[in-house]
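K.L.:
What shape does this take:
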Amino acid sequence: MLDLIINNCTLPDGRKNIDIGVAQGRIVAMEPALKAQAAQTVDAAGQLVTSPFVDAHFHMDSTLSFGLPRVNQSGTLLEGIALWGELKPLLTQEALVERALAYCDWAVARGLLAIRSHVDVCDPRLLATEALLHVREKVKPYLDLQLVAFPQDGVLRAPGALDNLKRALDMGVDVVGGIPHFERTMQDGAESVRILCELAAERGLRVDMHCDESDDPLSRHIETLAYHTQRLGLQGRVTGSHLTSMHSMDNYYVSKLIPLIREAGVSAIANPLINITLQGRHDTYPKRRGMTRVPELMAAGVPVAFGHDCVMDPWYSLGSGDMLEVAHMGLHVGQMTGQDAMRACFEAVTTTPAKILGLDETGLAVGKRADLVLLQARDPVEALRLRATRLMVLRAGQVVATTPPATATLNLPGRPGQVSFQTPAR
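P.N.:
Residues are numbered from 1 along each chain as shown. From the prediction side, this is the model:
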């Protein structure tokens, strides 16, 4: 006797009429017309069942703090950083925990069951670190929260930042972070990459650096990051986040750079909602798009994920924890409107970030933990088009969130009824 069978599922790879059997929190069968009994059955009715959404780049210590102590009037990255500096002395652990837990509730309701969050370690009190470590344990039964020790003000530029970062790692933070383009000189930026990669190698940790979040085509710290990744044998454990300077680089240099990234086994994370609003602020017209070269990186075999980055904080006043909104923006900014390209964008918020984060328990396969999302969509492209309703979210086979189907009741002359905005079944 199984615990649960979800009948008549459509899977992201196009398979239809698949039954998924779950026992003891794990997927034990995936096949048509599953011959088994279960304590509970759910009819997916041909709708899409996917592995959960994963946000590979977020800042949970600042989330839901919009308007504290004031609003970012210019909407720029630098004013956001300055505003965060004004807010840090006012932070309390209680408020940090409360806002983070509220956001985690939003995330679960959206089928987002894994988040990599950067946490600022430049405050010597490490209040945010302690708060998010507490939150990580609190949400562990229903959400994977991976923490990055992030020196927001520069690991060399900010006094004591390197020591603070090491203390955060000693406290149990998972990943080494950095921000080389925010150091005082290009040389300091390169030196920070070396120091942080060596620290990660010494401790056996992953690396995720804010890298070249700039419109400056000469901001090329991703090249240094790829070099040290290979030198230290960190292949598969290193990520460059943002990489927005690549949108301004000349094509000849990029033709060299992308193969270096691929050979080093470095992953890339773009943050479409933030990149498109924070970058290109000094441009008149034509305006640069701001997002890194996602389709070119994907074509070269570099793993690329999309991150939400910010929700209602000093940098971004919008957002709701919806990774389909993130991917929807990403495919438009990257002009990735071909069918295969749109499916790759769906993977950029599901399976690809799960691999980048090393979430080996997650996936649509027998033996994996039964973390599943039932969407009101018939395929990944329709899910992106509609930002599909999450009808049911499961963690280890247990239902943790449900949402009624999105429908509208019409009272049109000669055409009463309901509409769901899905394409007619073929």
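K.L.:
what's the domain layout of this protein?
P.N.:
Listed domain ranges for the chain are 2-51+363-409, 53-357 (source: the TED database).
K.L.:
any idea which of those domains is most buried?
P.N.:
domain 53-357 (a mean of 21; mean count of other CB atoms under 10 Å). Quick note: C-beta positions are derived from backbone N, CA and C, even for glycine.
K.L.:
Quick one: end-to-end distance for that one.
P.N.:
12 Å (CA to CA, to the nearest Å).
K.L.:
Show the average pLDDT along it.
P.N.:
Averaging pLDDT along domain 53-357 gives 97.
K.L.:
Out of the domains of the chain, flag the one nearest residue 419.
P.N.:
Residue 419 sits nearest to domain 2-51+363-409 of all the domains of the chain, at 5.2 Å, using CB to CB.
K.L.:
thinking again about what came up before, so which of the domains of the chain gets nearest residue 417?
P.N.:
domain 2-51+363-409 (7.8 Å).
K.L.:
quick check: mean pLDDT across stretch 1-13?
P.N.:
Taken as a whole, stretch 1-13 has a mean pLDDT of 97.
K.L.:
what does it contact?
P.N.:
Stretch 1-13 is contacted from outside by 16-24, 28-29, 34, 36-50, 343, 346-347, 350, 364, 370, 372, 374, 378-380, 394, 397, using CB atoms under 8 Å, 6 or more residues apart in numbering.
K.L.:
so the nearest residue in space to residue 249 that is not next to it in sequence is in which element?
P.N.:
Of all residues not flanking residue 249 in the chain, residue 217 sits nearest, at 4.5 Å (CB to CB, 6 or more residues apart in numbering). Residue 217 is part of no helix or strand, with elements assigned from DSSP states H and E.
K.L.:
what's residue 217 in contact with, if anything?
P.N.:
Neighbour list for residue 217: 245, 248-250, 253 [criterion: CB under 8 Å, 6+ apart].
K.L.:
Residue 336 now?
P.N.:
Residues in contact with residue 336 (CB under 8 Å, 6+ apart) are 294-295, 330, 342, 344-345.
K.L.:
Try it again at 10 Å.
P.N.:
For residue 336, the contacting residues are 294-295, 298, 327, 330, 342-345, 348, by CB atoms under 10 Å, 6 or more residues apart in numbering.
K.L.:
Equivalent analysis for residue 395, please.
P.N.:
Contacts of residue 395 (CB under 10 Å, 6+ apart): 25, 52, 108, 113, 141-144, 369-372, 401.
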